[in-house]
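Student: sequence first, then the predicted structure:
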Amino acid sequence: MDYRRADRARSMRPGRVEEGWVGMRIAVIGDGEAERAWADWVRESPDHVLIATGDVDEVLSATGFDAVVVGGPIPDRAEALRRASVEGLAVVCLHPPGADALAYYHAAANVETAGGVVVPDLPMRLHPGLAPLRSAIVDGSLGEFRSLRQVVPAVVGEDLVRVSFAQSIDVLRSLLGEFQTLTASGDPEGTEPAHDLVVRLRAEGGRLAELRIAPGEFASLGVMGSEGACDLDFDASWDPHAAILESLQVPGGRGSTLLDGIRAMELTEAVERSLRRGRTIDLHREPMGEEARFKSLMTTAGCLVLLGAVMLFVAASAGRALGFEGAVYLAYLIPPGLVAFLALQFLRPRAATPDEPPALEGPTD
């Protein structure tokens with residue numbers, strides 16, 4: 001029995017510290033600015049307790065915590081998320097989780113088998129100031145819908161596409177739903193704009209959205225209609241950390257899910273394609289994440305094939321050593337198995353041609 005996991009499972013029962021206590025014991029992986037902000041917030045919170053901070057080995061070797069905030073350098077974050085999710089923990093994952101959506105796909109598979117919950121750290125969809133914007137979009141209080149526009153100030157040294165855009169797009173999607181087309185432009189041209197990034201998106205019904213990330217800009221988010229405009233009031237008293245933890249404790253609410261994190265990363269990949277090709281990307285044709293799902297499946301299959309090959313070799317060697325001469329034929333099964341696995345690689349989803357850009361899943365016709 002895994003006593004460490006059993007201790008964590010028992011500790012997730014609220015009120016274990018003292019009668020009536022409903023807070024959470026929280027650990028934080030990583031030492032970046034966002035991770036320190038989380039640790040400081042938990043440390044100062046009257047409702048929660050900071051159990052541990054440090055790298056993934058230090059934190060996961062601790063016991064007695066209800067939830068873990070997964071951070072650390074972005075290249076290492078996917079492995080930290082995998083290890084935390086396979087333990088069946090309640091996880092808040094700093095976004096993005098890595099270079100692509102694959103980390104979220106693996107986390108989703110781990111949640112299915114080990115339990116637990118994973119929430120991407122995408123709190124803006126929970127901002128109470130979004131209510132008037134949602135009302136204007138749904139009820140038409142501003143007349144005919146024209147556009148939804150968001151401006152995000154760029155952070156010095158931060159990747160505008162893989163970090164800034166990936167963190168910002170979720171709130172637009174929460175307001176308009178799935179997007180059908182996307183066009184990106186940046187300064188300088190290419191897949192790594194450093195000074196300015198503008199992404200124009202079209203949702204169901206032709207509704208337009210624009211996201212601009214540039215230095216020296218003031219953060220803004222607003223709905224434009226034929227009879228006026230409505231802008232988000234960035235209330236300084238709103239607490240994004242508390243909002244994320246509340247969504248972690250109340251699954252099925254308005255908080256972000258693994259699917260939302262996956263969509264944000266897939267849209268980020270679409271922005272890179274648009275910048276590389278200099279054209280609009282159709283997000284409507286192909287199932288979302290087909291390439292990522294194939295990679296995940298092949299990773300699992302490859303591990304199983306290698307494990308099977310090792311077991312067959314050991315069985316053949318042991319059988320022959322024990323006098324079972326026929327056991328040597330077990331080793332002959334290894335080459336066909338490896339060849340079959342290599343043949344499966346030809347089933348990889350067909351890459352799009354320049355005239356047929358790949359895209360993500362959007363609303364169906």
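Tutor: Now that the structure is in, tell me what you want to look at.
Student: centroid-nearest residue for the protein?
Tutor: residue 261 (3.4 Å; CA atoms, centre = their mean).
Student: helix or strand for that one, which one?
Tutor: In this assignment (DSSP states H and E), residue 261 forms part of helix 258-277.
Student: do residue 151 as well
Tutor: Going by DSSP H and E, residue 151 is part of strand 145-153.
Student: can I get the CA coordinates of the helix or strand just after that strand in CSV?
Tutor: Once the chain leaves strand 145-153, the next helix or strand it forms, by DSSP H and E, is helix 166-176. What follows is helix 166-176, C-alpha atoms only, in CSV (Å, rounded to 0.1, in the frame of the first residue of the first chain):
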residue,chain,number,x,y,z
ALA,A,166,-1.4,31.4,-24.4
GLN,A,167,-2.3,33.0,-21.1
SER,A,168,-4.6,35.7,-22.5
ILE,A,169,-6.8,33.9,-25.1
ASP,A,170,-9.0,31.9,-22.6
VAL,A,171,-11.1,34.9,-21.6
LEU,A,172,-12.0,35.7,-25.2
ARG,A,173,-13.0,32.1,-25.8
SER,A,174,-15.1,32.0,-22.6
LEU,A,175,-17.1,35.0,-23.9
LEU,A,176,-17.5,34.0,-27.6
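Student: give me the contacts around the helix or strand following helix 166-176.
Tutor: Later in the chain than helix 166-176, the nearest helix or strand by DSSP H and E is strand 179-187. With CB atoms under 8 Å, 6 or more residues apart in numbering as the contact definition, strand 179-187 has outside contacts at 160-161, 173, 193-204, 209, 267, 270-271, 274-275, 279-284, 362-363. Where C-beta positions appear, they are placed from N, C-alpha and C, glycine not excepted.
Student: likewise stretch 118-132?
Tutor: Contacts to stretch 118-132, defined as CB under 8 Å, 6+ apart, come from residues 34, 69, 81, 85, 91-95, 97, 104, 107-108, 111, 167-168, 170-171, 174-175, 230, 232-235, 238, 240-241, 243-244, 247-248, 254-258, 260-261, 264.
Student: just the buried ones from those residues?
Tutor: Buried members of the contacts of stretch 118-132, counted by 16 or more other CB atoms under 10 Å: 69, 81, 85, 91-95, 97, 104, 107-108, 111, 167-168, 170-171, 174-175, 230, 232, 241, 243-244, 247-248, 255-258, 260-261, 264.
Student: run the angle between the helix ranked longest in the chain and helix 258-277 for me.
Tutor: Ranked by residue count and defined by DSSP state H, the top helix of the chain is helix 290-321. Helix 290-321 runs at 110 degrees relative to helix 258-277, counting by axes from the mean of the first three to the mean of the last three CA atoms, to 10 degrees.
Student: which neighbouring elements make contact with helix 290-321?
Tutor: Under the contact criterion of 3 or more CB pairs under 8 Å, 6 or more residues apart in numbering; DSSP states H and E, helix 290-321 touches helix 102-114, helix 334-344.
Student: state the helix or strand in which residue 217 lies.
Tutor: Residue 217 is part of no helix or strand when elements are defined by DSSP H and E.
Student: quick check, pLDDT for it.
Tutor: On pLDDT, residue 217 comes in at 87.
Student: ditto for the one 10 residues further on
Tutor: Listed pLDDT for residue 227 reads 92.
Student: so what's the residue nearest to the centre of the chain up against?
Tutor: Counting by CB under 8 Å, 6+ apart, residue 261 makes contact with 93, 95, 97, 101, 104, 120, 122, 170.
Student: TSV for those, including distance to residue 306 and pLDDT?
Tutor: Supplementary listing: the contacts of residue 261 in TSV, determined by distance: CB to CB, whole Å; pLDDT from 0 to 100:
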residue	distance to residue 306	pLDDT
93	28	97
95	32	97
97	26	96
101	25	93
104	25	95
120	32	97
122	36	96
170	37	98
